[in-house]
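Visitor: Please find the sequence and the predicted model below.
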There are 2 protein chains.
Amino acid sequence: MIKVNITEEFKPLFDPRSVAVIGATNNWNKWGYSTFSSALDGFGGRVYPVNNKREDVLGHKSFKRVMDIPDEVDLAVFVVPAPIVPEVMEDCVQKGVKAAVIISAGFAETGEEGRKLQDEVLSIARKGGIRFVGPNCMGFWSASSRLKAFMFPLQIRSGPIAFVTQGGNLGGAIVMSAFERDVGFHRYISCGCTADIPIEDYIEHFGQDPEVKVILTYIEGLTDGRRFIEKVKKVTQKKPVIALKPGKSEITAKAIKSHSGALSGSNEIYEEAFKKAGVIRVETPEEFLDVAIGFLTQPLPRGRNVAITTPGGSYGVLCADDCSSGGLNVITLSKEIIGELDKMFPPRWSHGNPVDPAGDRNLVAYLKAPEILLKLDDVDSLIFMGFGSFSGFGGSMGSMIQSLGITPEDVPRLDIHSFISLISPLLSAGDSKGEEEFKNLITSVIESGEMDTSFLDDTSSLFTPNGEIKDLTKIFRILDLFLGALVLYWIKTYKKPVIATTFTDSGSHLNLKGGFYCAYPSPHRASRVLIKLVEYEEYLERIK
Amino acid sequence: MIKVNITEEFKPLFDPRSVAVIGATNNWNKWGYSTFSSALDGFGGRVYPVNNKREDVLGHKSFKRVMDIPDEVDLAVFVVPAPIVPEVMEDCVQKGVKAAVIISAGFAETGEEGRKLQDEVLSIARKGGIRFVGPNCMGFWSASSRLKAFMFPLQIRSGPIAFVTQGGNLGGAIVMSAFERDVGFHRYISCGCTADIPIEDYIEHFGQDPEVKVILTYIEGLTDGRRFIEKVKKVTQKKPVIALKPGKSEITAKAIKSHSGALSGSNEIYEEAFKKAGVIRVETPEEFLDVAIGFLTQPLPRGRNVAITTPGGSYGVLCADDCSSGGLNVITLSKEIIGELDKMFPPRWSHGNPVDPAGDRNLVAYLKAPEILLKLDDVDSLIFMGFGSFSGFGGSMGSMIQSLGITPEDVPRLDIHSFISLISPLLSAGDSKGEEEFKNLITSVIESGEMDTSFLDDTSSLFTPNGEIKDLTKIFRILDLFLGALVLYWIKTYKKPVIATTFTDSGSHLNLKGGFYCAYPSPHRASRVLIKLVEYEEYLERIK
């Protein structure tokens, strides 16, 4: 038998022309209802319900058995009780089904008997050449066919991430959080007990797919660590693989066994395996998406030297603490650079890295500092603070904007240029030279296509007809938009990571015209992302 | 001289009858503008602007010098350049001002000369018996007088927290995050360079104030560690003191010096001092408020034994991992208890702790498990997952609710009882016994006064006149409201901590009728809170 390319082998799974949902039902109280709804939601191919008791399901003609479907079936989705999975798999073999996903639970995760049942299903599928996802999983999403072979209609976007997870709820929560952060997936697979396809095979497939830029995996236990290392290290040469792996204690190992049926293994063994395979390990679900977004939006840093700019001293201190304890080098500024910054800032500024203008109200001056720092050879990356309603010079913004004196005549006439003219004196604290510089900077960002200016399409959502501000948070949001566009502009211009953060507990996520931008919800989380970028860069250097 | 009680001594500071803002201005571009606006915002006493160039500020008659004010002045707020602070302080002494807050920067944080200037100001103030906050600070909020002696009009609520911070931006961001989470402060003090009043004196004052239930402090460096330990350990006997202290590296020490002018000291020394004083140390700004809310809403656990319930296995695994690696004991369930849970859950449930019904759609069954666990003597606390739109059985909720069949006649007639009747079959997955049990449980929660049912006051925001759901997220929110009320009910009934969490990256914060409820944004953060509660309880046991 000639071994086909894994991407070819997975074609019926991820790009089926027709799908049968076995166990589809009209009873909203069962997973067969939401799974069938989900398969119908957006998929361009043909979908057939299989139900041995009904004539039709959700208005679609239903079939008693998969063999009764008068069409080829590429993919079968199982939502039937575990005990009948073997006979349904026999039916699929007989029908010539090419791939399957078994959502049904009650297999290896329940103990010895469940494992036997799982082995039985596997041997039937192998006999018929059917590759399958699961059992005991939530299903998958494939962007190339827009198929949600999933337990319920998931909110998910197409995008450059591929994610295979042994935890369906964890995966779902991350997909949902990604949806809110405007980030999408090319593949998302809840792989459950991985009876047929081990995690490393999915990762191998993602490695070969040019649509995939970053790979995430949540692992509870691997069946063959050596095989994992061999396959995955070929992938990490080309793109980052980010893993979350719990299992620091005995108790966790027990919980894992009853959840995915996997053997957790010792933490040290995994640490070593990830190192050998070049896998980047994260500690929490929150970090998962943070780091993925970091890889999607930032170039790799050339080294560990970091500069920090902050409009708040304490956050500078905390960020420097996080960076240095994480192994980054918070560089010392030269006398020349301090002299240059002296010209822009009031005498009370921090005179070092982190660069903190110490309450100076001139935002324009603050926005010039990153350029000065990014130009330096010994700065490999920058952490830039100042987003969000508090940290974005927002504290004093309210009273400043009230003083703008927008007239009723202004409101309908506002376009991006007049709007910038309006806010420039405010952001440059009345310094007319700064005002001019800010206008030029923002204008060049707009011309570079980096900024979405559609927020001005409907000025009535920003101002009352009298020129009063309707919603201050929207104005803050526009400030974030300016800053986001600037950050993208710096990244492009200097080809170094510029990691943006807010102070507060919530991040800022904007989809700008020229690309995606994210401000992390804290300097702590921003520094963790930067450390992971550095680790990957150093790994690539090592294996060169 | 008779030493007065510190609370008496601080009376002119926190409960002044009259306030002078020195440096108040009409120029929106200066801090004197927003500080004066802020002092006017909500304070019941008299506020006077002092400005040597203007006749009036924001419509208030202005005075050239503080002595010109034809009234006693309890508190002076300084927003003038550093070099003239000594002469303004002389004026204040001459006027008989009793307390001050010096917002002006340019003192110890800038180096040797600044420190000399600061010493000069201190000696003038001491001579005149003026106690002062700062310099180089953002000011303070006092709930007892509703005074914002602050750099800008801060959004802040009254409440049981007292917070003294050497970082104004960090403090501001936390206050803002607290505002969004419905949590308030009795005192909030940005203390800057602490020239006159050291941090431990504020904490001593908070300790004596019965309005204060929890104390937060962000420390960059202390001047007298021994004094801190002596004063603070008297406070921690009565109420928790939570501290954030950066300074793990040389670099951080440098950043601290230029920020607050403090000497950072070695991390080990602080670790030891906090231990001696009974101070609970947190690692990140996010944890600060998490832990404060934990102390405000939970009883102290009697020990380290924790039970976990989760509607998602992977989150159970991660939570068990966090708990056990943090030093909690994820208990093993007895055969009897497993037998009891067997009766409620499908055979595939996890059969252990964490308790995971493994995709069972019967929410009512899931809500019975906590009561079974909390009744056990060897369960000291519970981590309860299931909040938020994904984890709150939300994935399948959409299709379930669409099937409710709400009629146009139902909409205007919905009250809390009919609404419960409507959603009960849905939450009990069609099991009529469970439906009845859920109704009884929620009814008893409503009768206990734990739940705010005003969301039904305007049913038209939930449903269209045709009975279709208008906004699914609002329905999820109501589910969270039910769960939040239940959690409060369990806490009251069993007198054990029940820490609620969502899966996703955002928390749920509700102000229920009977109290405040919070679901943390991740099991990781929830477990960190529980560990801190245990640490404090063990400290109290030790010093008994």
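Guide: Right, received. Where do you want to start? Numbers count the residues shown, from 1 in each chain, chains lettered A, B, ... in the order given.
Visitor: Please give the number of neighbouring residues around the nearest residue to residue A:416 once chain neighbours are set aside.
Guide: Taking C-beta to C-beta, 6 or more residues apart in numbering or on different chains, and ignoring the residues beside it in sequence, residue A:416 has residue A:453 as its nearest neighbour in space, at 4.4 Å. Every C-beta, even on glycine, is put in place using the N, C-alpha and C of the backbone. If you count neighbours by other C-beta atoms under 10 Å in any protein chain shown, residue A:453 ends up with 16.
Visitor: now the one 4 residues further on
Guide: The tally of other residues near residue A:457 (other C-beta under 10 Å) stands at 8.
Visitor: Give me the pLDDT for it.
Guide: As summarised for this prediction, residue A:457 has a pLDDT of 70.
Visitor: Could you measure from it over to residue A:300?
Guide: 37 Å (C-beta to C-beta, to the nearest Å).
Visitor: what about residue A:40, how many residues close to it?
Guide: 18.
Visitor: which SS class is the residue nearest to it when sequence neighbours are not counted?
Guide: Residue nearest to residue A:40 in three dimensions, not counting chain neighbours: residue A:47, with 5.6 Å by C-beta to C-beta, 6+ apart. Per DSSP: H, G, I helix; E, B strand; the rest coil, the secondary structure class of residue A:47 is strand.
Visitor: these two touch, right, residue A:47 and residue A:17?
Guide: No: with contact defined as C-beta atoms under 8 Å, residue A:47 does not count as touching residue A:17 (10.8 Å).
Visitor: Between the two, which is the more surrounded one?
Guide: Just comparing residue A:47 and residue A:17: by other C-beta under 10 Å the higher neighbour count belongs to residue A:47, 20 against 15.
Visitor: Identify the bridge partners of that one.
Guide: Residues found in beta-bridge contact with residue A:47 (criterion: DSSP bridges) are residue A:19.
Visitor: what do you get for residue A:190?
Guide: Per DSSP bridges, the residues bridged to residue A:190 are residue A:139, residue A:165.
Visitor: residues near it, how many?
Guide: In terms of burial, residue A:190 registers 30 neighbours under the definition other C-beta under 10 Å.
Visitor: residues contacting it?
Guide: With contacts taken as C-beta atoms under 8 Å, 6 or more residues apart in numbering or on different chains, residue A:190 has the following neighbours: A:133, A:137-140, A:150, A:165, A:167-168, A:171-172.
Visitor: Let me know the pLDDT of it.
Guide: Confidence score, pLDDT, at residue A:190: 97.
Visitor: that older thread, return the closest of the contacts of residue A:190 with respect to residue B:504.
Guide: Nearest to residue B:504 among the contacts of residue A:190, counting by C-beta to C-beta, is residue A:172 at 9.2 Å.
Visitor: tell me which element the closest one falls in.
Guide: For residue A:172, the host element (DSSP states H and E) is helix A:168-180.
Visitor: since we're on the residue lying closest to residue A:183 once chain neighbours are set aside, how many residues are nearby?
Guide: The shortest distance from residue A:183 to any residue other than its chain neighbours is 5.8 Å, reached at residue A:159 (C-beta to C-beta, 6+ apart). For residue A:159, the number of neighbouring residues by other C-beta under 10 Å comes to 22.
Visitor: ok, the residue nearest to residue A:40 - contacts?
Guide: Counting by C-beta under 8 Å, 6+ apart, the residues that residue A:47 touches are A:18-21, A:36, A:39-40, A:60.
Visitor: go on, residue A:161?
Guide: Applying C-beta under 8 Å, 6+ apart to residue A:161 gives the contacts A:178, A:183-186, A:188, A:212-216, A:292, A:296.
Visitor: Who wins on neighbours among the residues you listed?
Guide: The member of the contacts of residue A:161 surrounded by the most neighbours (other C-beta under 10 Å) is residue A:215, with 30 neighbours in all.
Visitor: quick one: the spatially most central residue of chain A from residue A:130, how far?
Guide: In chain A, the residue lying closest to the centroid (C-alpha atoms, centre = their mean) is residue A:289, at 4.1 Å. Remark: distance between residue A:289 and residue A:130 (C-beta to C-beta) = 33 Å.
Visitor: do residue A:305 as well
Guide: Using C-beta to C-beta, we find residue A:305 at a distance of 53 Å from residue A:130.
Visitor: Who has more neighbours out of those two?
Guide: Set side by side, residue A:305 and residue A:130 give different neighbour counts by other C-beta under 10 Å, the larger being at residue A:130 (23 against 18).
Visitor: Surely that one is in contact with residue A:92?
Guide: Yes: applying C-beta under 8 Å, one finds residue A:130 in contact with residue A:92, separated by 6.1 Å.
Visitor: Enumerate every residue touching residue A:76.
Guide: Applying C-beta under 8 Å, 6+ apart to residue A:76 gives the contacts A:19-20, A:22, A:66, A:88, A:92, A:97, A:99-101.
Visitor: Put together CSV for the residues you listed, with pLDDT, secondary structure and neighbour count on each row.
Guide: Listed next are the contacts of residue A:76 as CSV, based on pLDDT from 0 to 100; DSSP: H, G, I helix; E, B strand; the rest coil; neighbours: other C-beta atoms under 10 Å in any protein chain shown:
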residue, pLDDT, secondary structure, neighbour count
A:19, 98, strand, 24
A:20, 98, strand, 29
A:22, 98, strand, 32
A:66, 97, helix, 21
A:88, 98, helix, 22
A:92, 98, helix, 27
A:97, 98, coil, 29
A:99, 98, strand, 27
A:100, 98, strand, 30
A:101, 98, strand, 29
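Visitor: Residue A:295 looks like it's in a helix, true?
Guide: Yes: secondary structure of residue A:295 (three-state DSSP): part of a helix.
Visitor: hmm, back to that, was I right about the residue nearest to residue A:416 contacting residue A:443?
Guide: No: in this structure, residue A:453 is not within contact of residue A:443 by C-beta under 8 Å, at 11.4 Å.
Visitor: Am I right that residue A:24 is in contact with residue A:52?
Guide: No: in this structure, residue A:24 sits apart from residue A:52 without contact. The criterion is C-beta under 8 Å, and the distance is 10.9 Å.
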